[in-house]
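K.L.:
Test case, fold it:
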Amino acid sequence: MVEPTEIQHLGRPIDNEEEESFLSVIDWPKLLSIVNRSIVWVLLFVALGVLAAWISLRYIKPVYESASLLKLEVKRNANVLFGRNSDLGSQVENITGEIEFIKSRLVYNRVIDSMDLAVSYYVVGDVVNSEAYHDSPFRVEYKLKSGAIQDRSIELEVLNEREYRLKYELNGEEIQGNFLFDKSYENQHFRFEIHKTRFFTVPGSIRRYYFVINSRGALISYLAENLTVNVVNANASTIRIAFKDYTPEKARDIVNKIDSIYLVQTIENKNLATEQTLKFLDDQLDSTAQKLAQQEESIEDFVRENRTLSISSTIGQTLEQIKNLRFERITYEQQLPALDELEAYVNRVDSTLEVEFIPSTRAIRDEQLLSLVNQLNTKRIEQSTLLVSTKPTTQAYQFGVTEINKLEKSVKELIDFNRTQTQERIKEIDRLTEELESTFTNLPTKDTEFNRTQRYYGLYEKFYLMLMDRVAEFGIAKAGTVPEFQILAPASLPGVPISPIKSSYYITAVVIGLGLGIGLIAVRYLLHNRFTNQRDIERAINAPLLGLVPAYKRSPLDVARMVVDKNPKSAISESLRSIRTNLEFINSSQGSRLISVTSTISGEGKTFIAVNLAGIIAMTRKRVVVLDLDMRKPKVHLAFDASNDVGMSTLLIQRNKLDEVIQQTSVEGLHIITSGPLPPNPSELLLRPSFQEAIEALRQRYDVIVIDSPPVGLVTDGLLIMRRVDVPIYVVRSEYSRKEFAKTINRLINENGIRKLSVVLNGVDSSRAYGYGYGYGYGYGYGHEYYTSDHGNENQEGSWLKNLFRSK
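P.N.:
Now for the predicted structure:
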């Protein structure tokens with residue numbers, strides 16, 4: 001309630017800039033009120049978001065990931081050949097090559113061949129389907145006739161312990177039938193036989209499954225899409241191999257299988273060179289063993305024929321020289337096939353892109369040739385590794401080809417040079433041997449043949465033992481071959497899925513729900529452009545606030561009614577008494593007072609305020625009359641259930657006299673003059689001298705004249721009346737009158753000179769009041785139903801969407 005002493009400071013000046021911007025200032029009490037009234041919607045949005053997240057999680061299959069951690073032993077031979085130490089860049093390149101190998105089709109094909117992935121079995125669930133990885137109740141044996149049956153679902157329904165139904169669709173044709181377990185059947189697409197496994201149980205009802213016969217291409221795509229290999233720490237040469245699948249056991253098994261295949265392949269690559277060397281040594285052993293056996297037979301034949309082993313001591317030194325020359329000749333003879341094989345290796349074209357290791361070079365003495373051959377072999381290995389991750393057309397690959405061609409040319413030239421030198425040396429040895437053997441011309445032929453046989457036997461025996469040592473060395477090296485990586489952490493069975501993350505879903509749902517709730521609050525606040533409380537009036541209107549009138553809630557009113565006579569102690573009656581007192585401060589002049597009550601539009605309660613204010617004034621034993629000058633939409637007669645056959649319209653056209661249009665009411669001292677029949681020209685009637693004459697006559701009879709004026713926002717009639725009255729009152733209705741109406745009120749004051757204008761805030765809901773606290777705690781008020789204008793229906797209950805964005 002506004003006290004009389006407070007009215008002096010309420011009418012503060014408002015400049016144009018403030019008038020335009022007061023809507024943009026945050027009204028914290030109003031915002032808190034809207035938040036308080038919207039909290040149920042916010043909680044509802046959050047609850048709906050959580051429910052949506054729960055439903056989504058019910059229908060999303062969890063994805064599991066299993067991973068292993070490997071440490072690689074990176075080779076640095078290539079860097080040594082180029083005369084520099086290993087650096088991080090080359091180490092990362094080598095690791096990248098290993099990663100590409102692990103992700104190659106070679107590894108994928110070996111995984112497919114070594115695991116039972118040809119057929120995938122699934123259980124049809126009520127919500128989602130799940131794969132029966134190792135616990136399928138049946139197993140399918142098949143032989144394809146058409147590839148079209150692959151990569152499509154084949155439904156299987158277990159009818160009973162002996163029978164099942166098979167159904168699938170292909171090329172728009174549905175194929176189905178009932179079959180027996182453990183029996184073979186055949187159609188145009190495949191031959192199949194389905195067996196029960198140890199997981200099969202007798203069904204109490206029909207159980208539904210389906211299986212998919214996977215093609216190799218589909219399996220390779222499946223492995224490639226779900227396998228990830230990345231570097232964990234380049235300095236430590238560690239990589240992580242991970243696989244994602246809906247079945248955790250399957251993800252773990254595939255990672256472990258890839259690790260084992262990588263292990264086997266690494267050992268095979270390391271053993272390839274050793275196996276080729278051992279093969280060469282085995283061939284040489286066989287050839288030497290045959291020659292050694294021939295020499296043994298020759299010695300046995302000589303002893304058997306001559307029954308003696310004595311050799312002339314005079315030729316010992318010569319024999320020793322001949323022996324050395326023969327051994328040297330054998331050594332050179334071994335070089336020729338080695339050079340031939342080496343030349344064949346160099347000339348061979350690499351069409352398979354597989355690394356081919358060089359043959360044994362043990363018999364070759366040229367260190368320069370051996371060095372070039374090692375460089376060539378290393379370079380070819382690098383090119384083969386490079387081809388895994390790059391294309392043959394790249395600059396790096398072509399540069400390596402150029403270097404290999406240069407090395408091949410140098411090796412061929414040295415091979416030709418060594419072959420020529422070896423052949424010349426053999427001829428020289430033969431010449432020297434012939435010279436030495438010529439000294440034996442005088443010796444017995446048999447003695448010479450025996451000595452020659454013994455020499456060859458000793459030479460072949462020495463060479464054979466040397467070959468045996470080499471075979472043992474390489475055999476031990478092969479047996480001790482270890483992989484070039486260590487499994488630091490093998491793949492384990494994942495217990496928690498990586499997707500979906502339930503906490504993230506619920507957090508997102510809560511955030512979205514809160515976001516929608518905050519958005520609703522913001523929309524309600526931004527759409528709330530209506531006056532609500534005393535604070536809004538003071539900030540927007542450059543006029544004193546005469547008082548607040550609470551909403552009437554005792555019973556619904558279809559039209560404005562006189563209520564103060566029925567409830568003289570209600571909150572409305574008290575508020576109107578306060579307004580009556582404030583009127584004394586505004587206009588304390590003696591004599592009859594003329595009060596007009598208007599508003600911007602119909603439905604703001606001007607008629608209700610006019611008739612009830614008049615009733616409150618009349619209760620002070622003053623003579624009061626209410627004039628209904630809203631001759632376009634009259635309502636005063638409805639408030640008193642009076643007749644409207646005659647009134648102001650007939651009085652102003654002088655059809656009736658003043659006494660004929662005055663009507664008595666139930667309140668003592670209160671009379672009314674209704675509007676009368678609706679005239680075609682209300683404004684012109686108010687400009688007639690008869691209007692002024694009527695006012696003067698009423699001033700002589702009554703202490704207070706209350707005029708229910710037309711809305712000034714719609715017609716000019718109200719402005720004409722306000723200029724002639726002592727106290728113009730402007731009614732603003734809470735939660736109904738838009739804040740833009742403040743411009744109309746301020747324009748009346750500033751431009752039209754209505755300086756004595758004061759404002760009444762009507763329809764204040766005390767249960768939701770916020771502002772400075774000038775409310776009433778009685779709980780009384782009036783509803784919206786008594787407003788019959790179109791504007792009066794704006795706040796009535798409408799659709800749920802409209803109510804959602806209302807601030808009330």
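K.L.:
buried stuff in stretch 179-186?
P.N.:
Within stretch 179-186, the residues that qualify as buried by neighbour count (16 or more other Cβ atoms under 10 Å) are 179, 181. All C-beta spots, glycine's among them, are computed from the backbone N, C-alpha and C.
K.L.:
Show residues contacting that stretch.
P.N.:
Identification of contacts with stretch 179-186 by Cβ atoms under 8 Å, 6 or more residues apart in numbering yields 138, 162-166, 191-196.
K.L.:
Narrow these to those in strands?
P.N.:
Members of the contacts of stretch 179-186 lying in strands (criterion: DSSP state E): 138, 163-166, 191-196.
K.L.:
Out of those, which end up buried?
P.N.:
The neighbour count (16+ other Cβ under 10 Å) marks 138, 164, 166, 192-194, 196 as buried among the ones in strands among the contacts of stretch 179-186.
K.L.:
could the residues you listed be laid out in a markdown table, adding pLDDT?
P.N.:
What follows is these, written out as a markdown table (pLDDT from 0 to 100):
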| residue | pLDDT |
| --- | --- |
| 138 | 94 |
| 164 | 94 |
| 166 | 95 |
| 192 | 94 |
| 193 | 95 |
| 194 | 95 |
| 196 | 93 |
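K.L.:
Run through the helices of the stretch 601-750 of the chain in chain order.
P.N.:
Applying DSSP state H, counting those that start in this stretch to the stretch 601-750 of the chain gives helices spanning 606-618, 636-639, 648-652, 658-661, 682-686, 689-701, 717-722, 741-750.
K.L.:
could I get these as CSV with distance to residue 71?
P.N.:
Formatted as CSV, those follow (distance: least, Cβ to Cβ, whole Å):
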stretch, distance to residue 71
helix 606-618, 89
helix 636-639, 95
helix 648-652, 104
helix 658-661, 110
helix 682-686, 99
helix 689-701, 107
helix 717-722, 93
helix 741-750, 78
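K.L.:
Nearest to residue 583, out of these?
P.N.:
For those, the distance to residue 583 is smallest for helix 606-618, at 8.2 Å, taking Cβ to Cβ.
K.L.:
burial of the nearest residue to residue 400 once chain neighbours are set aside, as a residue count?
P.N.:
Among residues not flanking residue 400 along the chain, residue 383 sits closest, at 4.7 Å (Cβ to Cβ, 6 or more residues apart in numbering). Look at residue 383: counted by other Cβ atoms under 10 Å, it has 20 neighbours.
K.L.:
can I assume residue 383 sits in a helix?
P.N.:
Yes. Judged by DSSP: H, G, I helix; E, B strand; the rest coil, residue 383 forms part of a helix.
K.L.:
returning to what we had before: out of the contacts of stretch 179-186, what pair is the most spread apart?
P.N.:
162 and 191 (20.3 Å).
K.L.:
Can you tell me how far residue 587 is from residue 593?
P.N.:
6 Å (Cβ to Cβ, to the nearest Å).
K.L.:
if I look at these two, which residues touch both of them?
P.N.:
Counting by Cβ under 8 Å, 6+ apart, the contacts common to residue 587 and residue 593 are 726-727.
K.L.:
I'd like to know how far residue 57 sits from residue 501.
P.N.:
Distance, residue 57 to residue 501, by Cβ to Cβ: 10 Å.
K.L.:
before we move on, back to that, show me the contacts for the residue nearest to residue 400.
P.N.:
397, 400-401, 404.
K.L.:
got it, and residue 34?
P.N.:
Residues near residue 34 by Cβ under 8 Å, 6+ apart: 521, 524-525, 528, 807.
K.L.:
quick one: the one helix or strand residue 598 maps to to helix 606-618, angle?
P.N.:
Per DSSP states H and E, residue 598 falls inside strand 593-599. Interaxial angle of strand 593-599 relative to helix 606-618 (axes from the mean of the first three to the mean of the last three Cα atoms, to 10 degrees): 150 degrees.
K.L.:
Figure out how far strand 593-599 is from the centre of its chain.
P.N.:
On the basis of Cα atoms, centre = their mean, to the nearest Å, strand 593-599 sits 65 Å off its chain's mean C-alpha point.
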